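S.K.: no sequence on hand, only this structure:
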């Protein structure tokens, strides 16, 4: 029997609970069915059933269902929906705005934010830090069975192997001068500014704040007879708009052979100027100290050195946190079209896969519903791409894009995109990210 599988039974119990939560008229009958699972041989299924039974019994006591008269006309019958504030509907039918794993990470990030635990502010979902989906969450799509089950099923090898996600902003909070800037909104993935085989390996993480950008440069010294002292990196933007201006540096005191150190550059952001892509030229400045390869003791004179790095780009997409939504279609309809921006572009890409990947990269958003990849059997058809994210300032953003290849002499990818958010200015900014 199919019900011999505990995961199937778990999905069935949870589905029954959701039916009962949404339809008060079914609660009495469903309650009878779910109570049979209170003696299930699997402890997780017993726990599911116990929660559902407790929520339904409390909801039925608070809001008893009164059936309409048998001779009532159809237009006189009230809709079969839960009452406002119904505990069963809230607990069983309304999903959390984030997974339990992400909730745990968000609370830990909140605790590590300087001054957060001394605040009198109530901890709510809206007051918690916005956390991007981890690489595991982005790369892993739950099975249909797990989605039906609602609650996480425990026998997942991936869950057991998953490493604890580290907060990249922790290094910022450990430095008092940077911690005073407030909470980090998001941190980018490392950007390589040198080749791996060069004498100095440098990569950069962009930490985004509401009114600042902190560039964390990690420098690795690969020369055995040198020590690098007072290492800093100066940046120079390619425009004069005043959007981002370097206002401070924190140097790495000393970097020995085969070791790595962090130095920081602080950029002030003028929030009255619209975001745009800015390219910064970067140069590493440091003092070279000659040392003995074996002992590390100084052996010669020191001298000042400058080392050019690759340019660093800060784009509008860097201010977008890749955050998924539980139900994209429901979120899209709920957002409404009051602040919607529609655009059409011709992109110079020769394949549908490249065009889809580029649009995701331009916007810095999280693909939803498995639309981030093109099925091999559908490359000749237009591809629908759904994306979600949270823009700096905590404003939710959704985007729907249709991408199709145009054949002929002027071969290109045609993009039609609709962007919705809580602010039409944000919708316009995101639509303008397309290059």
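M.R.: Perfect, thanks for sending it. Just so it is clear, the structure is predicted and the values come from calculations on it, not from any experiment.

S.K.: and residue 317, that's in a helix?
M.R.: Yes. Under DSSP: H, G, I helix; E, B strand; the rest coil, residue 317 sits within a helix.

S.K.: so it sits against residue 362, correct?
M.R.: Yes. At 6.1 Å, residue 317 counts as touching residue 362 under the criterion of Cβ atoms under 8 Å. In short, each C-beta sits where N, CA and C put it, glycine included.

S.K.: list residues touching both of those two?
M.R.: Contact criterion Cβ atoms under 8 Å, 6 or more residues apart in numbering; residues shared by residue 317 and residue 362: residue 433.

S.K.: in stretch 206-223, what's buried?
M.R.: The neighbour-count check on stretch 206-223 (16 or more other Cβ atoms under 10 Å) flags 206-209, 212-221 as buried.

S.K.: same check on stretch 236-249?
M.R.: Buried, per 16+ other Cβ under 10 Å, within stretch 236-249: 237, 243-244, 246, 249.

S.K.: in strands, which of these fall?
M.R.: 237, 244, 246, 249 (DSSP state E).

S.K.: for the first one, what are its contacts?
M.R.: It stands for residue 237. 244-245, 278-280.

S.K.: ok, the last one next?
M.R.: Shown here is residue 249, whose contacts under the criterion Cβ under 8 Å, 6+ apart are 232-234, 263-266.

S.K.: just the buried residues out of the residues you listed, in ChimeraX syntax.
M.R.: One line in ChimeraX is enough to select the buried members of these, burial here meaning 16+ other Cβ under 10 Å:
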select :232,233,263,264,265,266
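
S.K.: let me know the closest of the ones in strands among the buried residues of stretch 236-249 to residue 94.
M.R.: residue 244 (40.1 Å; Cβ to Cβ).

S.K.: surely that closest one is in contact with residue 313?
M.R.: No. With contact defined as Cβ under 8 Å, residue 244 does not count as touching residue 313 (11.6 Å).

S.K.: hey, what's in contact with both of those two?
M.R.: Residues touching both residue 244 and residue 313 (Cβ under 8 Å, 6+ apart) are residue 278.

S.K.: picking that back up, the buried residues of stretch 206-223 in strands, which ones?
M.R.: Using DSSP E, the members of these that fall within strands are 206-208, 212-221.

S.K.: would you agree residue 289 is in contact with residue 302?
M.R.: Yes. Here residue 289 reaches residue 302: they are 4.5 Å apart, a contact under Cβ under 8 Å.

S.K.: neighbour-wise, which of those two wins?
M.R.: Using other Cβ atoms under 10 Å as the criterion, residue 289 and residue 302 rank with residue 289 on top: 19 against 15.

S.K.: ramachandran angles for the more buried one?
M.R.: phi -120, psi 120 (degrees, to the nearest 10).

S.K.: quick one, what contacts it?
M.R.: 226-229, 298, 302.

S.K.: go on, residue 131?
M.R.: Residues in contact with residue 131 (Cβ under 8 Å, 6+ apart) are 98, 102, 105-106, 109, 321, 323.

S.K.: which strand or helix spans it?
M.R.: According to DSSP states H and E, residue 131 maps onto no helix or strand at all.

S.K.: nearest residue to it other than its sequence neighbours?
M.R.: residue 106 (5.1 Å; Cβ to Cβ, 6 or more residues apart in numbering).

S.K.: then residue 227?
M.R.: residue 289 (4.4 Å).

S.K.: what's the farthest-apart pair in the buried residues of stretch 236-249?
M.R.: Among the buried residues of stretch 236-249, 243 and 249 lie farthest apart (Cβ to Cβ), at 19.1 Å.

S.K.: what mean pLDDT does stretch 254-273 get?
M.R.: The average pLDDT within stretch 254-273 is 94.

S.K.: please begin residue numbering at 647 from this point
M.R.: Sure, I'll start numbering at 647, so the last one becomes stretch 900-919.

S.K.: where does the stretch 847-996 of the chain dip in pLDDT?
M.R.: By pLDDT under 70, the stretch 847-996 of the chain has no low-scoring segment.

S.K.: can you give me the strands for it?
M.R.: 858-867, 872-883, 890-896, 898-901, 906-915, 924-937, 944-954, 958-960, 966-967, 987-993 (DSSP state E, counting those that start in this stretch).

S.K.: quick one: buried residues of the longest one?
M.R.: Using 16+ other Cβ under 10 Å as the test for burial, strand 924-937 gives 924, 926, 928, 930-932, 934-935, 937.

S.K.: what do you get for the fourth one?
M.R.: Buried residues in strand 898-901, defined by neighbour count with 16+ other Cβ under 10 Å: 898, 900-901.
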